[in-house]
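Engineer: Pasting the sequence and the predicted coordinates here, then a few questions.
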Amino acid sequence: MEGNSGNREQWGSRFGFIMAAAGSAVGLGNIWRFPYITGKYGGGAFVLVYLAVVIVLGSSLMLAEFAMGRRAKLDSVGTFRKLGGGAWPIVGWMGFFCGFVILSYYAVIAGWTLAYMFKSFGGLMEAAAAGKAGDVFGAFVSDPVQAIAYHGVAMAIVIGVVYRGISGGIEKSCKILMPALFLILVLLIIRSLTLPGAEAGLRFYLLPDFSKLSSEAFLAAVGQGFYSLSLAMGIIITYGSYLGKHEYMPKMTGTIVMLDTAVAIMAGLVIFPAVFAFGVDAGAGPGLTFVTLPIVFAKMPMGAFFSFAFFALLFIAAITSAFSLLEVVVTFAIDELGWSRAKSAIVMGIAIAVLGIPSALSVGGHFPKICGKDFLDAMDFITNNAVMPIGGMLTSFFVGWLWTKGAKDEVTNFGEHDFPFYTVWLWVCRVVAPVCIGLIFITGLKW
């Protein structure tokens with residue numbers, strides 16, 4: 001069945017939609033992954049490549065997905081069935097699969113950030129000052145009760161918000177959470193920039209060193225740009241399906257991409273001055289967040305407060321993305337199965353929470369490895385390295401070559417607006433995006 005697109009929910013306001021879509025795009029990838037990848041590939045030069053990728057590639061794909069969602073007024077599977085027919089719904093199923101699986105382990109990490117908010121005032125600073133931040137993290141993830149409990153709390157919050165609907169739940173929450181996220185970022189930037197020795201971090205971050213740019217760095221920038229905007233997960237199509245027909249999507253897409261990129265750049269302004277001020281490795285990998293940064297906070301005056309603020313920032317970024325991941329699955333159940341929103345949110349939410357338990361247990365070594373990888377890492381590899389790139393390539397091919405008339409009608413509001421970059425956008429969808437995403441796919445296949 002193709003759902004009730006006639007009386008479909010809509011976003012309550014343009015601001016609310018932009019906050020929700022930006023909340024979806026702004027995730028752990030911006031605040032956690034972006035700084036350490038920037039550190040790994042030499043700072044400012046990488047940032048320039050990343051910005052070019054996001055502006056050209058990321059915004060083009062996001063606009064394509066919004067156009068599809070608004071035209072079909074359906075979930076990701078229904079959208080490809082309605083606009084493409086044939087075997088195209090498989091691409092929609094890929095989005096559903098990604099929403100379901102990614103949320104299962106994403107909620108685990110959201111639970112970690114929630115736990116660390118409390119740990120900031122509960123002995124974390126003392127342990128970090130004594131060089132034992134790694135022991136704290138190890139003990140936490142190795143405790144199955146804590147790992148599952150915090151995962152469950154994060155999922156319960158996500159289910160509760162999505163249960164309340166598009167405007168009453170997701171939009172309402174994001175209108176509060178996203179401004180709070182920017183406020184915390186500004187506070188942390190001020191603290192970081194006023195540390196003695198912060199200038200070295202700023203120089204590393206903002207002055208390009210083009211000798212560090214390699215083909216590997218370019219691919220990393222393409223991958224970061226692709227993953228940080230919530231593309232090829234069914235999210236943008238789903239959120240687009242709730243858009244009113246008079247909204248001018250190119251402008252809204254530009255605003256969302258700008259906000260997403262601003263958060264990533266601002267996160268670097270928090271982290272690099274701080275790690276350089278205290279002589280910490282800027283390319284320390286994911287451990288930078290839960291092991292290295294607590295050591296940095298422990299050396300600051302009011303360290304517990306700034307640690308709490310940082311992990312609250314991470315939690316907001318994670319939870320707003322989690323809303324959108326669950327919404328992909330819930331919209332599918334409403335449109336395809338004819339379920340009520342309440343039933344969809346509860347049943348699908350619980351199913352995802354159950355799938356997340358192996359991820360919660362695996363990091364602490366309480367669940368068997370899959371071909372040498374923790375369950376969480378294996379799920380991340382399957383979705384990020386395989387399913388999402390294939391979905392992204394097929395979506396851009398679909399819009400660029402098969403659905404061009406419908407796409408042009410949507411992005412110009414049937415000729416109501418002029419879209420001066422239409423030809424460039426079309427060729428990005430036709431050639432540039434499939435080639436770039438194909439390179440990510442090929443290089444990312446190493447298990």
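Structural biologist: Noted; the coordinates are in hand.

Engineer: Point out where the protein drops to low pLDDT.
Structural biologist: Low-confidence segments of the chain, defined by pLDDT under 70, span residues 1-6, 283-286, 447.

Engineer: can you rerun that using 80?
Structural biologist: For the chain, residues meeting the criterion pLDDT under 80 lie at 1-7, 32, 281-288, 446-447.

Engineer: residue furthest from the geometric center of it?
Structural biologist: For the chain, the C-alpha lying farthest from the average C-alpha position belongs to residue 130; by CA atoms, centre = their mean, that distance is 33.5 Å.

Engineer: so how far is residue 297 from that residue?
Structural biologist: 14 Å (CB to CB, to the nearest Å). Heads up, the C-betas are built off the backbone N, CA and C, glycines and all.

Engineer: Next: residue 331.
Structural biologist: From residue 331 to residue 297 the distance is 39 Å (CB to CB).

Engineer: neighbour count winner among these two?
Structural biologist: More neighbours surround residue 331 than the other of residue 331 and residue 297, with 32 against 27 (other CB atoms under 10 Å).

Engineer: next structured bit after the helix or strand where the more buried one lies?
Structural biologist: In this assignment (DSSP states H and E), residue 331 forms part of helix 303-337. Secondary structure here is assigned by DSSP H and E; on that basis, the next helix or strand after helix 303-337 toward the C-terminus is helix 341-362.

Engineer: buried residues in that following helix?
Structural biologist: When burial is assessed from 16 or more other CB atoms under 10 Å, helix 341-362 yields the following buried residues: 341, 344-349, 352-353, 355-362.

Engineer: got it, and stretch 292-311?
Structural biologist: Using 16+ other CB under 10 Å as the test for burial, stretch 292-311 gives 292-300, 303-311.

Engineer: Stretch 169-186 now?
Structural biologist: 169-175, 177-178, 181-182, 184-185.

Engineer: Sitting in helices, which of these do you find?
Structural biologist: With helices identified by DSSP state H, the entries of these that belong to them are 172-175, 177-178, 181-182, 184-185.

Engineer: can you list contacts of the strand or helix carrying residue 222?
Structural biologist: When secondary structure is defined using DSSP H and E, the element that contains residue 222 is helix 215-227. Outside helix 215-227, the residues within contact range by CB atoms under 8 Å, 6 or more residues apart in numbering are 29, 33-34, 37, 40-42, 45-46, 49-50, 52-54, 57-58, 61, 232, 384, 388-389, 392, 436-437, 439-440, 443-444.

Engineer: same thing but 6 Å
Structural biologist: Contacts to helix 215-227, defined as CB atoms under 6 Å, 6 or more residues apart in numbering, come from residues 29, 37, 41, 46, 49-50, 53-54, 57-58, 436, 439-440, 443.

Engineer: how near is the closest residue to residue 430 other than its chain neighbours to residue 361?
Structural biologist: Sequence neighbours aside, residue 400 is the residue nearest to residue 430 in space, at 3.5 Å (criterion: CB to CB, 6 or more residues apart in numbering). Using CB to CB, one obtains 43 Å as the distance from residue 400 to residue 361.

Engineer: what's the burial count for residue 210?
Structural biologist: Around residue 210 sit 10 other residues, with neighbours defined as other CB under 10 Å.

Engineer: check contacts around it.
Structural biologist: Counting by CB under 6 Å, 6+ apart, residue 210 makes contact with residue 45.

Engineer: Next, the contact list for the closest residue to residue 197 other than its chain neighbours, please.
Structural biologist: Distances taken as CB to CB, 6+ apart put residue 277 closest to residue 197, at 4.1 Å, once the chain neighbours are dropped. By CB under 6 Å, 6+ apart, the contact list for residue 277 reads 195, 197-198.

Engineer: Which members of the residues you listed are classed as buried?
Structural biologist: Among the contacts of residue 277, those classed as buried by neighbour count (16+ other CB under 10 Å) are 195, 198.

Engineer: could the contacts of residue 277 be laid out in TSV, adding distance to residue 143?
Structural biologist: Shown next, in TSV, are these (distance: CB to CB, whole Å):
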residue	distance to residue 143
195	33
197	36
198	36
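
Engineer: could I get the contacts of residue 277 as CSV with secondary structure and distance to residue 269?
Structural biologist: Rendered in CSV, the data for these read as follows (DSSP: H, G, I helix; E, B strand; the rest coil; distance: CB to CB, whole Å):
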residue, secondary structure, distance to residue 269
195, coil, 12
197, coil, 15
198, helix, 10
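
Engineer: of the contacts of residue 277, closest to residue 94?
Structural biologist: Taking CB to CB as the measure, residue 198 is the one of the contacts of residue 277 closest to residue 94, at 43.5 Å.

Engineer: Count the neighbours of the residue lying closest to that closest one once chain neighbours are set aside for me.
Structural biologist: For residue 198, ignoring the flanking residues on the chain, the nearest one in space by CB to CB, 6+ apart is residue 273 at 3.5 Å. Number of residues near residue 273 (other CB under 10 Å) recorded here: 25.

Engineer: Alright, I will stop here.
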